[in-house]
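> take a look and give me a structure for this.
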Amino acid sequence: MTFPQAAWRVLADAGGQVHLFYPHADPSEAAQAYVASGEAGGVQKAYKCRVRTPWWRVPIARKPTSG
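Residues are numbered from 1 along each chain as shown. Predicted structure coming up:
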């Protein structure tokens with residue numbers, strides 16, 4: 001199943017959350033502040049976060065190749 005660009009645009013235009021937070025290994029100051037705000041709220045204690053290192057980086061699956 002795919003999520004078409006047009007559907008993404010409709011969601012984005014409606015103010016939906018359409019971007020994934022995925023900073024580099026050395027996060028910018030803005031990214032560090034965002035992570036700190038999550039830590040202040042205890043986000044890192046949630047199961048899906050506490051089992052990851054770093055807790056704020058979501059694993060991204062590689063695009064499959066035809067072979």
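
> for this protein, which residues score under the pLDDT cut-off?
1, 67 (pLDDT under 70).

> and the contacts of the lengthiest helix in the chain?
The longest helix of the chain (DSSP state H) is helix 29-40. Identification of contacts with helix 29-40 by CB atoms under 8 Å, 6 or more residues apart in numbering yields 21, 23, 27, 44, 56. No exception for glycine: its C-beta is placed from N, CA and C like everyone else's.

> pull out the buried members of those.
Listed as buried from the contacts of helix 29-40 are 27, 56; burial here means 16 or more other CB atoms under 10 Å.

> now tabulate the contacts of helix 29-40 in a markdown table and tack on secondary structure and distance to residue 13.
Output for the contacts of helix 29-40, formatted as a markdown table (DSSP: H, G, I helix; E, B strand; the rest coil; distance: CB to CB, whole Å):
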| residue | secondary structure | distance to residue 13 |
| --- | --- | --- |
| 21 | coil | 20 |
| 23 | coil | 25 |
| 27 | coil | 28 |
| 44 | helix | 32 |
| 56 | coil | 27 |
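
> before we move on, the earlier item: beyond the longest helix of the chain, next helix or strand please.
Next helix or strand after helix 29-40 toward the C-terminus (DSSP states H and E): helix 47-50.

> count of neighbours near residue 48?
Using other CB atoms under 10 Å, residue 48 has 9 other residues around it.

> quick one: it from residue 31, how far?
19 Å (CB to CB, to the nearest Å).

> please apply the same query to residue 43.
The spacing between residue 43 and residue 31, counted by CB to CB, is 14 Å.

> many thanks, have a good one.
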